[in-house]
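Student: sequence plus the predicted model coming up.
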Amino acid sequence: MGRLDSLDITQRIARKDYEQRLTAAQRRWLQLRLHLGGQMGSGELGPGLLCVFEGSDAAGKGGAIKRLVEPLDPRHYKVSSFAKPTSDEKRHPFLWRFYPYVPGLGGMSVFDRSWYGRVLVERIEGFATQSQWGRAYEEIVQFERANALEGVIIVKIWLQISADEQLKRFEDRQNDPLRRWKITEEDWRNRTKSDQYTIAAEEMFERTDHDLAQWDVISGENKRLARVQVLERVIQRVEHGMVRWGMPVPTAGLGPAVDRDPDE
């Protein structure tokens, strides 16, 4: 059984619990982000942070990203969204267009879609040849490892929803004049290829999960729970990244930073 089939999409969270966990997670997350950026702690820059979001259409990537950056100063992060490459970008290796957006030390970037389009939509829609998307797995892993070893914490989030929930959200968008722009004919067409996308996603997990950038698959069926779980998982990954980088992990709250294992 693959990761998507084994995902529990029945979990829910009460509004009160959601608000408490969200507030606590956002406060802790802000503290970590300020340490990475040198605004707290020793003042030295920590590793850069790249959060990559992929997943089903309408799975809640935008809502999760919004809660992730909500407590941060707008000067301390950049959100980038990637669609099909331009004619000029196609003249270069496919990873070329992403490199300028990878953060340096102390920086933070969020990718709404990413280089994984090569082994997902480009694979399924025939925009890349089998040779191109077939070798992309290793190219992506080496690209991520090179950046991680140079000082980037890479967090990879996949949000998944059921076909029924996706249809409901599509229809809600279609019927809302202020949200209709978020639904396209391509989204409807992709629904007919959900089985192909599932196969491609499972192969992607299998071939691009590595020790320096593991995949976190989260159910987006309940929006509130998904947003909290995304924040909590980012916190966990950042703490591990700080330890790997040799940077003190601050204790929760506003106390001094101490060297500790986040699993303790």
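Tutor: Looks like it arrived, so ask away. Numbers count the residues shown, from 1 in each chain.

Student: give me the buried positions along the helix or strand hosting D195.
Tutor: Here D195 sits within helix 194-208, counting by DSSP states H and E. Across helix 194-208, burial judged by 16 or more other Cβ atoms under 10 Å covers Y197, A200, A201, M204, F205, T208. C-beta: built from backbone N, CA, C; applies to glycine.

Student: quick one: strands adjacent to the next helix or strand after it?
Tutor: Tracing the chain past helix 194-208, the next element assigned as helix or strand by DSSP H and E is strand 215-219. Neighbouring strands of strand 215-219 in its sheet, by DSSP bridges, are strand 152-160 (parallel).

Student: need the max-distance pair from the buried residues of helix 194-208.
Tutor: Y197 and T208 (15.5 Å; Cβ to Cβ).

Student: just to revisit the earlier point, R145: which of the buried residues of helix 194-208 is nearest?
Tutor: Closest approach between the buried residues of helix 194-208 and R145, by Cβ to Cβ: T208, at 10.6 Å.

Student: check whether that closest one really touches V141, as I assumed.
Tutor: Yes - look at T208 against V141 with Cβ atoms under 8 Å: they come within range, at 5.6 Å.

Student: do you know the pLDDT at the closest residue to S219 other than its chain neighbours?
Tutor: Take S219 and drop its neighbours on the chain: the residue closest to it by Cβ to Cβ, 6 or more residues apart in numbering is I9, 4.6 Å away. Per-residue pLDDT puts I9 at 94.

Student: just the strands in the stretch 1-150 of the chain please.
Tutor: Secondary structure of the stretch 1-150 of the chain (DSSP state E, counting those that start in this stretch): strands at 48-55, 78-81, 108-112.

Student: list the buried residues of the second one.
Tutor: Translated: strand 78-81. Counting neighbours by 16+ other Cβ under 10 Å, one finds that the buried residues in strand 78-81 are V79.

Student: gap between that strand and the chain center?
Tutor: In terms of Cα atoms, centre = their mean, to the nearest Å, the centre of strand 78-81 is set 11 Å apart from its chain centre.

Student: let's see it as PDB, backbone CA atoms only.
Tutor: The C-alpha trace of strand 78-81 is given here as PDB (Å, rounded to 0.1, in the frame of the first residue of the first chain):
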ATOM      1  CA  LYS A  78       9.500  35.000  -0.200                       C
ATOM      2  CA  VAL A  79       6.600  32.900  -1.700                       C
ATOM      3  CA  SER A  80       7.100  31.800  -5.300                       C
ATOM      4  CA  SER A  81       4.600  30.000  -7.500                       C
END
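
Student: that one - contacts with which helices or strands?
Tutor: Using 3 or more Cβ pairs under 8 Å, 6 or more residues apart in numbering; DSSP states H and E, the elements in contact with strand 78-81 are strand 108-112.

Student: could you give the mean pLDDT of the strand it packs on?
Tutor: For strand 108-112, the mean confidence score works out to 98.

Student: quick one on the thing from earlier: so which of the strands of the stretch 1-150 of the chain is the most packed in?
Tutor: Between the strands of the stretch 1-150 of the chain, strand 48-55 has the highest mean count of neighbours, a mean of 23, where neighbours are mean count of other Cβ atoms under 10 Å.

Student: the inter-axis angle of it versus strand 215-219?
Tutor: Strand 48-55 runs at 50 degrees relative to strand 215-219, counting by axes from the mean of the first three to the mean of the last three Cα atoms, to 10 degrees.

Student: tell me the bridge partners for the closest residue to V234 other than its chain neighbours.
Tutor: Leaving out its chain neighbours, the residue that sits closest to V234 by Cβ to Cβ, 6+ apart is V155, at 5.5 Å. Bridge pairing for V155 (DSSP bridges) gives the partners C51.

Student: which pLDDT value goes with V155?
Tutor: Note for V155: predicted pLDDT of 98.

Student: give me the number of residues near it?
Tutor: Counted with other Cβ atoms under 10 Å, residues neighbouring V155 total 24.

Student: what separation do you get for D5 and E89?
Tutor: Distance check for D5 against E89: by Cβ to Cβ, to the nearest Å, it reads 35 Å.
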